[in-house]
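Visitor: can't give you the sequence, but here's the structure:
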């Protein structure tokens with residue numbers, strides 16, 4: 001991973017490079033921040049720079065993740081009583097080479113492990129002790145990157161603490177985590193903490209311009225929605241076709257909801273609407289819930305005169321955005337968003353999707369008619 005391939009974070013990049021050439025790198029680093037902010041890419045670029053300082057020729061191998069002295073550890077599920085990352089290393093390499101900003105949701109999807117808890121197990125730490133007891137292949141440092149170190153179970157964490165306290169010679173350990181809440185305080189105290197901030201909007205915009213051909217309107221929408229997360233920004237662009245489908249379904253529901261008050265027989269259309277959505281996979285259903293939440297929030301902003309913050313409107317198929325927005329106000333927005341949140345909660349716990357969507361569609365139809 002090269003520094004210039006990382007979105008933004010210029011100040012942090014310079015600080016990391018300076019620490020290497022000023023010999024201020026401790027044997028253990030903890031990079032804390034969302035994956036989409038560049039936590040793993042920064043760790044990989046940092047590792048490459050250390051290898052470059054020792055042997056410029058060998059450092060290029062980091063780009064293809066085949067440097068023999070660079071090792072990765074990451075959460076997995078147990079397979080035949082084995083919880084070793086090596087069982088899934090090819091999947092991990094493919095994911096990171098394609099998108100080093102990938103997060104736990106992406107990794108879980110690749111492993112098809114929706115109903116399995118991904119964990120770093122104690123036998124993984126035993127394997128690391130074996131690996132790092134060997135001499136360096138390139139004659140310099142050996143580097144371990146532990147992706148999502150906060151996923152260690154307590155047994156693994158206690159064993160890793162010993163590894164951290166007495167690391168093999170010429171070993172550098174880089175831990176990454178979205179937060180430190182689940183990491184042993186004794187592990188945190190033995191690392192140099194590097195906080196990874198969100199990517200600045202202007203840097204997201206620069207990376208979008210360099211990697212995608214999109215309209216200014218789409219650019220503005222993506223920058224706003226990504227909230228400094230490059231992984232999210234990429235997914236927003238890839239989901240553009242899904243947004244078209246989501247928009248049509250949202251419009252269909254709104255039209256049926258307005259009809260229901262005068263003609264209760266239109267409830268059956270909302271039932272059919274819910275059944276259609278219930279046939280999707282869970283991830284798509286949850287994405288549609290996110291879409292609905294965002295459209296209700298934007299409608300509220302529109303209604304309260306904050307049009308400059310309304311980065312996206314529905315204007316297709318004769319839909320009257322301004323007229324719809326007048327029905328979203330302080331008296332119903334909280335209840336609407338709470339119902340959507342409850343639906344997300346139930347879907348996450350494998351509730352019957354047909355019931356969840358039918359219930360949501362009917363309840364929202366009531367709230368949309370509530371007077372301000």
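Guide: It's in. Only a predicted model underlies this, so the values are computations on that prediction, with no experimental measurement involved.
Visitor: any idea how far residue 29 lies from residue 43?
Guide: To residue 43, residue 29 is 8 Å away according to Cβ to Cβ, to the nearest Å. (Glycine included, C-beta is placed from N, CA and C.)
Visitor: Check residue 105 too.
Guide: For residue 105 relative to residue 43 (Cβ to Cβ), the value is 19 Å.
Visitor: of these two, who's got more company?
Guide: residue 43 (25 against 13; other Cβ atoms under 10 Å).
Visitor: and that one, what does it touch?
Guide: 29, 31, 145, 174, 176 (Cβ atoms under 8 Å, 6 or more residues apart in numbering).
Visitor: Excluding chain neighbours, what is closest to it?
Guide: residue 174 (4.7 Å; Cβ to Cβ, 6 or more residues apart in numbering).
Visitor: Tell me the confidence at the one you found?
Guide: Note on residue 174: pLDDT of 96.
Visitor: Now it: which helix or strand?
Guide: For residue 174, the element it lies in under DSSP states H and E is strand 171-177.
Visitor: partners of that strand in the sheet?
Guide: Partners of strand 171-177 in the sheet, by DSSP bridges, are strand 28-32 (parallel), strand 142-146 (parallel).
Visitor: Those strands: which one's closest to residue 348?
Guide: strand 28-32 (25.4 Å; Cβ to Cβ).
Visitor: For the stretch 201-350 of the chain, give me the ranges with low pLDDT.
Guide: The stretch 201-350 of the chain contains residues with pLDDT under 70 at 239-243.
Visitor: residue boundaries of the helices in it?
Guide: In the stretch 201-350 of the chain, the segments counted as helices under DSSP state H, counting those that start in this stretch are 201-211, 216-226, 230-238, 240-260, 267-278, 282-303, 321-325, 333-348.
Visitor: winner for burial among the ones you listed?
Guide: Highest mean neighbour count of the helices of the stretch 201-350 of the chain: helix 230-238, a mean of 20 (counted as mean count of other Cβ atoms under 10 Å).
Visitor: Just give me how far it sits from the chain centre.
Guide: 10 Å (Cα atoms, centre = their mean, to the nearest Å).
Visitor: ok, now stretch 120-131?
Guide: The answer for stretch 120-131 is 26 Å, by Cα atoms, centre = their mean.
Visitor: Now do the buried residues in stretch 116-132.
Guide: Neighbour-count burial for stretch 116-132 flags 118, 119, 120, 121, 122, 123, 124, 125, 127, 128, 132 (criterion: 16 or more other Cβ atoms under 10 Å).
Visitor: What strand or helix carries the nearest residue to residue 160 once chain neighbours are set aside?
Guide: Nearest residue to residue 160, sequence neighbours excluded (Cβ to Cβ, 6+ apart): residue 125, at 5.0 Å. Using DSSP H and E, residue 125 maps to helix 122-131.
Visitor: From the contact counts, what lies against that helix?
Guide: strand 70-73, helix 154-165 (3 or more Cβ pairs under 8 Å, 6 or more residues apart in numbering; DSSP states H and E).
Visitor: Identify the residue nearest residue 8 in space, chain neighbours excluded?
Guide: Closest to residue 8 by Cβ to Cβ, 6+ apart is residue 203, at 2.9 Å.
Visitor: That neighbour against residue 12, yeah?
Guide: No. Assessed by Cβ atoms under 8 Å, residue 203 is found out of contact with residue 12, at 11.5 Å.
Visitor: show me what contacts the residue nearest to residue 333 when sequence neighbours are not counted?
Guide: The shortest distance from residue 333 to any non-neighbouring residue, by Cβ to Cβ, 6+ apart, is to residue 300 (5.2 Å). Neighbour list for residue 300: 325, 328, 329, 330, 333 [criterion: Cβ under 8 Å, 6+ apart].
Visitor: Work out the gap between the strand holding residue 174 and the centre of the chain.
Guide: That offset, for strand 171-177, works out to 20 Å (Cα atoms, centre = their mean).
Visitor: orientation of that strand relative to helix 122-131 in degrees?
Guide: Here the directions of strand 171-177 and helix 122-131 differ by 150 degrees (axes from the mean of the first three to the mean of the last three Cα atoms, to 10 degrees).
Visitor: Tell me which helix or strand comes right after strand 171-177.
Guide: Following strand 171-177 toward the C-terminus (DSSP H and E): helix 185-188.
Visitor: tell me which residues in that next one are buried?
Guide: 187, 188.
Visitor: other SSEs contacting that helix?
Guide: By 3+ Cβ pairs under 8 Å, 6+ apart, helix 185-188 packs against helix 154-165.
Visitor: can you pull the buried residues of the helix it packs on?
Guide: So helix 154-165, judged by 16+ other Cβ under 10 Å, has buried residues 156, 157, 159, 160, 161, 163, 164.
Visitor: can you check stretch 93-107 too?
Guide: So for stretch 93-107, counting by 16+ other Cβ under 10 Å, buried means 95, 96, 99, 100, 101, 102, 103, 104, 106, 107.
Visitor: And the furthest pair within the residues you listed?
Guide: 100 and 104 (14.1 Å).
Visitor: can you list residues touching both of residue 29 and residue 43?
Guide: Residues touching both residue 29 and residue 43 by Cβ under 8 Å, 6+ apart: residue 174.
Visitor: Next step: the buried residues of stretch 93-107 restricted to helices.
Guide: Judged by DSSP state H, the subset of the buried residues of stretch 93-107 located in helices is 95, 96, 104, 106, 107.
Visitor: Next, the contact list for the residue nearest to the third one when sequence neighbours are not counted, please.
Guide: Same thing as residue 104. In this structure, residue 104 finds its nearest non-sequential neighbour in residue 148, 6.2 Å apart by Cβ to Cβ, 6+ apart. Listed by Cβ under 8 Å, 6+ apart, the contact set of residue 148 reads 74, 75, 104, 120, 176, 177, 178.
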